[in-house]
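Engineer: Prediction below, plus the sequence it came from.
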Amino acid sequence: MSARKLRLGPLPSTASVKLTFACPASLKADLDRYAALYSQTYDEVVDSATLIPHMLEAFMAGDRGFKKETTAKAMPPKQP
């Protein structure tokens, strides 16, 4: 394994739902390069389609505005 660190760590096992989306060719190329680097870093062969859900999950987990909104809606209203 390489000493390199990626923001996306080893992938957990999870159930999944199929989702199809379109992206620019340049983004697909970047995703493929990231998948190659990930595979090299963690000695685990993965393709970009496998990484995308985990990347989106990491992005949303780091989005403070999304977390704040989600937390606010999950909390019960204050009682007077």
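Structural biologist: Structure's in. What do you need? In this text the structure is predicted, and so the values were computed from the model without any measurement. Residues are numbered from 1 along each chain as shown.
Engineer: got the residue ranges for the helices in this structure?
Structural biologist: Using DSSP state H, the helices of the chain run over 25-42, 48-61, 64-74.
Engineer: okay if I get those helices as TSV plus distance to residue 17, mean pLDDT and mean neighbour count?
Structural biologist: C-beta here means a position set from N, CA and C on the backbone, and glycine is covered the same way. Output for the helices of the chain, formatted as TSV (distance: least, Cβ to Cβ, whole Å; pLDDT from 0 to 100; neighbours: other Cβ atoms under 10 Å):
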stretch	distance to residue 17	mean pLDDT	mean neighbour count
helix 25-42	19	96	14
helix 48-61	9	92	14
helix 64-74	19	84	9
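Engineer: Export these to CSV and append columns for distance to residue 9.
Structural biologist: Listed next are these as CSV, based on distance: least, Cβ to Cβ, whole Å:
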stretch, distance to residue 9
helix 25-42, 8
helix 48-61, 9
helix 64-74, 19
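Engineer: Looking at the ones you listed, spot the one closest to residue 16.
Structural biologist: helix 48-61 (6.9 Å; Cβ to Cβ).
Engineer: how much does that closest one deviate in direction from helix 25-42?
Structural biologist: Relative orientation of helix 48-61 versus helix 25-42 (axes from the mean of the first three to the mean of the last three Cα atoms, to 10 degrees): 90 degrees.
Engineer: what angle do helix 48-61 and helix 64-74 make?
Structural biologist: Going by the same axes, to 10 degrees, helix 48-61 makes 70 degrees with helix 64-74.
Engineer: elements contacting helix 48-61?
Structural biologist: Secondary-structure packing of helix 48-61 (3 or more Cβ pairs under 8 Å, 6 or more residues apart in numbering; DSSP states H and E): helix 25-42.
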